[in-house]
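Asker: okay, sequence plus prediction incoming.
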Amino acid sequence: MKTLRNTKAKAVTSFAFLLALTLTPVLGFAKENNASKYKDDRNNDEKHYCVKSFGQFIKHGWKETKGEVEIDSNCKIPYGIFKKWDYRPATTTDIIAPVINSFNVNPSTNKVEVNWSANENVRAVVFYGTTTPNVLKATTTTNGNILNSVYTSNSQTVIDNTFVSKKGEVTIQNLLANTVYYAVLAVRDSSGNVTISNAITFTTISNSDITAPVISNILTTISLNKLLISWKTNEPSTSKLFYGTSTINVNASTTQSMSNAALKTNHSFELPVVASTTPYHVILQSTDASGNTQTSTEYSIYLPF
């Protein structure tokens, strides 16, 4: 009997080999299993077809298929297997939330660099503030911006949402020096599954620059209906010009002003004016990168026309 069984097994193996049949169970798409006789593959159609396993013996019905590899048009690839491929749409529902592998911060005086990584492609958003962000999942999720899936009522946000990736980095600007901040990372995969990290704490570096910029070289150039005012600072700073036809209060919301947030050492504004017997009043103001502000005294400018 032992000899007979061995003989039958060898016969089946030889028969299958002759007809180019596989005795190994097969799971996968037709193209990846060389089922090239099917028109879907000849036309480069990558529909989701699975090659059925031939099993350990010749499948019943082989004669009806004439030895061709049989295609199952109702193929379903388990999502756990699909995630390893990462280049075709899922054929089953993904209910597995992404895993945040790392979430780190590198603070400086007025900003912090945040970097993160996850186990799959995600969109990300960082919530931050001087109190712990209260981040909640939305009751329903939609594709697109991650803020459709998570929200907060007590913090600011910065989004790393320009592309889907397994890792990313964002920079949070305009922070206060020597201040404790809290940050929370939320990520969402393409199926809408969301993971929210625990809050991490960081402290911005103490500001060593406490000196306001020096305003100098104030010049005025008057032409018909125009007043050009310029000045210089000893370090890169913002520009702001308060103006009016009466004494100026820089803290009043009704005071007219012009501003430029760019940090530079040469500053200028062109002010449209009309003929007047009363002088124009102006105050210059510049703020450096550390937040130190210098405000000039008030100047009165008489027009010659």
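Answerer: Arrived safely, thanks for sending.
Asker: contacts and neighbour counts: CA atoms only from here.
Answerer: Noted.
Asker: which residues of the stretch 101-250 of the chain score low on pLDDT?
Answerer: 138-148, 160-163 (pLDDT under 70).
Asker: and the chain, what are its domains?
Answerer: 2-75, 100-203, 215-301 (automatic domain parsing).
Asker: isn't there a strand covering L175?
Answerer: No. Counting by DSSP: H, G, I helix; E, B strand; the rest coil, L175 is not part of a strand but coil.
Asker: show me what contacts it?
Answerer: Neighbouring residues of L175 by Cα atoms under 8 Å, 6 or more residues apart in numbering: T109, N110, K111, V112, T204.
Asker: that one and T295, how far apart?
Answerer: 22 Å (Cα to Cα, to the nearest Å).
Asker: same thing with K240?
Answerer: Relative to T295, and taking Cα to Cα, K240 is found at 9 Å.
Asker: looking at those two, which is more packed in?
Answerer: Per other Cα atoms under 10 Å, whichever of K240 and T295 has more neighbours is K240, with 20 against 17.
Asker: list the contacts of the spatially closest residue to P107 that is not a sequence neighbour.
Answerer: Nearest non-adjacent residue to P107, counting by Cα to Cα, 6 or more residues apart in numbering: T204, 5.4 Å away. When contacts are counted by Cα under 8 Å, 6+ apart, T204 touches 107-112, 175-181.
Asker: of these, which belong to strands?
Answerer: P107, V112, V180, Y181 (DSSP state E).
Asker: host element of the nearest residue to S246 once chain neighbours are set aside?
Answerer: Ranked by Cα to Cα, 6+ apart and with sequence neighbours excluded, the top spatial neighbour of S246 is H281, at 6.3 Å. In this assignment (DSSP states H and E), H281 forms part of strand 280-287.
Asker: check which helices and strands that strand sits against.
Answerer: strand 226-244, strand 293-295, strand 299-301 (3 or more Cα pairs under 8 Å, 6 or more residues apart in numbering; DSSP states H and E).
Asker: just the buried positions in the longest one, please.
Answerer: Looking back up the chat, that one is strand 226-244. Of all the residues in strand 226-244, those buried under the rule 16 or more other Cα atoms under 10 Å are 227, 229-233, 235-244.
Asker: next one: stretch 190-210
Answerer: So stretch 190-210, judged by 16+ other Cα under 10 Å, has buried residues 190-197, 199, 201-205.
Asker: would you state the helices of the chain in chain order?
Answerer: Counting by DSSP state H, the chain has helices at residues 2-18, 39-42, 62-65, 79-85.
Asker: surely G192 and K137 touch.
Answerer: No. Contact between G192 and K137 fails when scored by Cα atoms under 8 Å: they sit 10.6 Å apart.
Asker: overlap of the contact sets of the two?
Answerer: What both G192 and K137 touch, as defined by Cα under 8 Å, 6+ apart, is the set S149.
Asker: tell me where the stretch 51-200 of the chain has strands.
Answerer: 71-72, 100-107, 112-129, 135-137, 150-152, 156-172, 180-188, 194-196, 200-203 (DSSP state E, counting those that start in this stretch).
Asker: the fifth one packs against which elements?
Answerer: In terms of contacts (3+ Cα pairs under 8 Å, 6+ apart), strand 150-152 is packed against strand 135-137.
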